[in-house]
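Enquirer: Task: produce atomic coordinates for the following.
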Amino acid sequence: MVGDKARLFITRRDHNLVLRHIDNAYIQLLYRNYYLNREEALASIADPSTVSIDLTQLRLQGNDNDKELRYFVVPTTTYDSLNPEERRLAERVHGSGDAFVQVMKMLVSARIKETIVFVLNPDYVKKNAQKYPIWQASWLNNFNGDSYVHS
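Expert: Numbering: from 1, shown residues only. Sure, this is the predicted structure:
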């Protein structure tokens, strides 16, 4: 969280603090979130290769009973309907520029109509990231007629 905005920062490998502190991160991630040193986190997110996404600008969906997670849909045929923040996140997940377009075409040819990207609920971030940044590991899940990424 930066100021009063709930933000998602996606780092590259060299600035990934989960990988840098894998033993400590693993134990904390078993219980969901990884809390780390604020100064180290700020240095990592300040790197030019880190993508910053304003979670409040994503058209998020989800179950109101789940206070922690939300998701947004990336339609593989109408991806031009994504707003700029959604497109930046979708491109970080699936590749940028022409690579993104090619991935969308490949998914369409595999009859995958949409991908789903899970993120933390902005309200959850505002409540839980006041003192320390929250880090989580991302992963790509199954291709059972759809595809989703947990960020």
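
Enquirer: Next, give phi and psi for Ser52.
Expert: As for Ser52, its main-chain torsions (degrees, to the nearest 10) stand at phi -110, psi 130.

Enquirer: typo on my end, Asp47
Expert: Residue torsions, per degrees, to the nearest 10, at Asp47 are phi -60, psi 140.

Enquirer: List the contacts of it.
Expert: Asp47 makes contact with Thr11, Arg12, Asp14, His15, according to CB atoms under 8 Å, 6 or more residues apart in numbering. All C-beta spots, glycine's among them, are computed from the backbone N, C-alpha and C.

Enquirer: so which helix or strand takes in the nearest residue to Gln57 once chain neighbours are set aside?
Expert: Of all residues not flanking Gln57 in the chain, Glu85 sits nearest, at 3.9 Å (CB to CB, 6 or more residues apart in numbering). Using DSSP states H and E, Glu85 maps to helix 84-94.

Enquirer: From the contact counts, what lies against that helix?
Expert: With contacts defined as 3 or more CB pairs under 8 Å, 6 or more residues apart in numbering; DSSP states H and E, helix 84-94 has these neighbours: strand 7-10, strand 51-54, strand 69-75, helix 98-109, strand 114-120.
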